[in-house]
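>>> I'll drop the sequence and a predicted model, then ask my questions.
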Amino acid sequence: MNDFTAHSPTTPNQPVAVVTGGNSGLGYQTAGALARQGYRVVLACRDTLKGEAAVQTLRAANPKADIQVSSLDLACFTSVQNFSLGFQSQYTRLDRLINNAGIMAVPHALTKEGHESQYAVNHLGHFLLTQQIMALLKHTPGARVVSVTSLAARMAKPHQLLDPPRRYDKWKSYSLSKLANLMFGLELHYLMQRNGLDAKSLLAHPGFSQTNLQSRLLNSKKISERITGKALLGLCQPADQGALPIIQAALSDTVQSGDFYGPSGKFQIKGPPRKIPIPAATFDSRLRSAFWALSEQQTHSSYTTALKT
């Protein structure tokens, strides 16, 4: 269901935010922080029942929270397009787009469009969503797009964005998808600058944080994955702490477009949020441009067209 007409009208000048994967973990914490600042928050979730349950919990903690749920399956381009059309039929502004949802280290699977599932959900779905909803971002003063990446991006080989490995490795595929998030967020920053948009593209990673992604490892049938899950759990900070770099990127008055935020502790694993250096893997502007063009081709989309609307 994607009936945006069921959403109650916003109050005059009320800011609006979309959080993908906002029903749990980092997205849930980010949604709560935005709601506390007076935003109308739309939880864009594949499982709307879990989304509705999250809304009830958030409202119990903050009775004034203005939160709605809408269906979004990032693995399906049609779902992304339907969400975008429905959102724009109901809302005239979009102040914050938090591209947070993701899957991690799942068995090999292809989407309906034929893309590897981690790459599709973590990167292509968000790439298309941002393009489809660009008109609102463009016309909302001070709008921000926050792309959530991961420390795992450090393990990816940049050239494989254009020439992926033929043999599937779920961890390498996950790392590559998170490097794609970095490339997207940075190139979006330059695109916004070149087109004179009053909007910001920011990046954030949560360090090692306890979310449903780690829980799946703990419940795995494979002993090696359960061991990995327990080791990661020992290093993890709670989700409310892991979400702080995302929240800072979304809400701080001092951020600049192109900034990257993560934990301040050793190896950026945990700790209070701070601005961190952009990884060198993203510095190759020709690679970023080529990967952007490939992403447009794969999603059958055009940012040039979207920016003209």
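All right, it came through fine. Numbers count the residues shown, from 1 in each chain.

>>> Contact partners for the residue nearest the centre of the chain?
The geometric centre of the chain, computed from its C-alpha atoms, lies nearest to Asn99 (Cα atoms, centre = their mean), at 2.0 Å. Applying Cβ atoms under 8 Å, 6 or more residues apart in numbering, we find Asn99 in contact with 20, 126, 129-130, 145-148, 181. C-beta coordinates here come from the backbone N, C-alpha and C atoms, glycine included.

>>> give me the beta-bridge partners of it?
Ser147 (DSSP bridges).

>>> Please renumber the chain so that the first residue is 28 from this point on.
With the count now opening at 28, the last piece we talked about shows up as Asn126.

>>> Just the helices from the stretch 28-177 of the chain, written as ranges.
52-63, 75-88, 104-117, 144-146, 152-159, 161-166 (DSSP state H, counting those that start in this stretch).

>>> now for the third one, which elements pack on it?
Taking 3 or more Cβ pairs under 8 Å, 6 or more residues apart in numbering; DSSP states H and E as the contact definition, the neighbouring helices and strands of helix 104-117 are strand 93-98, helix 152-159, helix 161-166.

>>> okay, those, which one's buried deepest?
For the helices and strands packed on helix 104-117, average neighbour numbers computed from mean count of other Cβ atoms under 10 Å are highest in helix 152-159, which has a mean of 25.

>>> mind checking how far that one is from the chain centre?
10 Å (Cα atoms, centre = their mean, to the nearest Å).

>>> That one - what's its average pLDDT?
In this model, helix 152-159 carries a mean pLDDT of 98.

>>> which residues are in contact with it?
47, 99-102, 104, 107-108, 110-112, 124, 126, 128, 164, 172, 174, 208, 211, 215, 322-323, 326, 328-330, 333.

>>> Can you flag the buried ones in those?
47, 99-102, 104, 107-108, 110-111, 124, 126, 128, 164, 172, 174, 208, 211, 215, 322-323, 326, 328, 330, 333 (16 or more other Cβ atoms under 10 Å).

>>> Let me know how buried the residue lying closest to Pro304 once chain neighbours are set aside is, in neighbour terms.
Using Cβ to Cβ, 6 or more residues apart in numbering and skipping the chain neighbours, the partner closest in space to Pro304 is Phe287 (7.2 Å). Phe287: 21 surrounding residues under other Cβ atoms under 10 Å.

>>> ditto for Ala276
29.

>>> and it, what does it touch?
171, 173, 229-231, 282, 286, 288.

>>> Next, check those against the strands and list the overlap.
171, 173, 229-231, 288 (DSSP state E).

>>> would CSV of these with distance to Arg193 be doable?
Shown next, in CSV, are the ones in strands among the contacts of Ala276 (distance: Cβ to Cβ, whole Å):
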residue, distance to Arg193
Arg171, 38
Val173, 33
Leu229, 34
Leu230, 29
Ala231, 32
Tyr288, 35
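
>>> Specify which member of those is nearest to Gln187.
Minimum distance to Gln187 across the ones in strands among the contacts of Ala276 is 19.9 Å, recorded for Leu230 (Cβ to Cβ).

>>> Please report how far the closest one lies from Thr332.
For Leu230, the distance to Thr332 equals 25 Å [Cβ to Cβ, to the nearest Å].

>>> Kindly report the same for Met131.
Counting by Cβ to Cβ - Met131 and Thr332 are separated by 33 Å.

>>> For the contacts of Ala276, work out which two are farthest apart.
Across these (Cβ to Cβ), the longest gap, 12.0 Å, separates Arg171 and Tyr288.

>>> Can you pull the residues that touch both of those two?
With Cβ under 8 Å, 6+ apart as the test, Arg171 and Tyr288 both reach 229, 276, 282.

>>> Which residues are in contact with Tyr195?
135, 143 are the contacts of Tyr195 under Cβ under 8 Å, 6+ apart.
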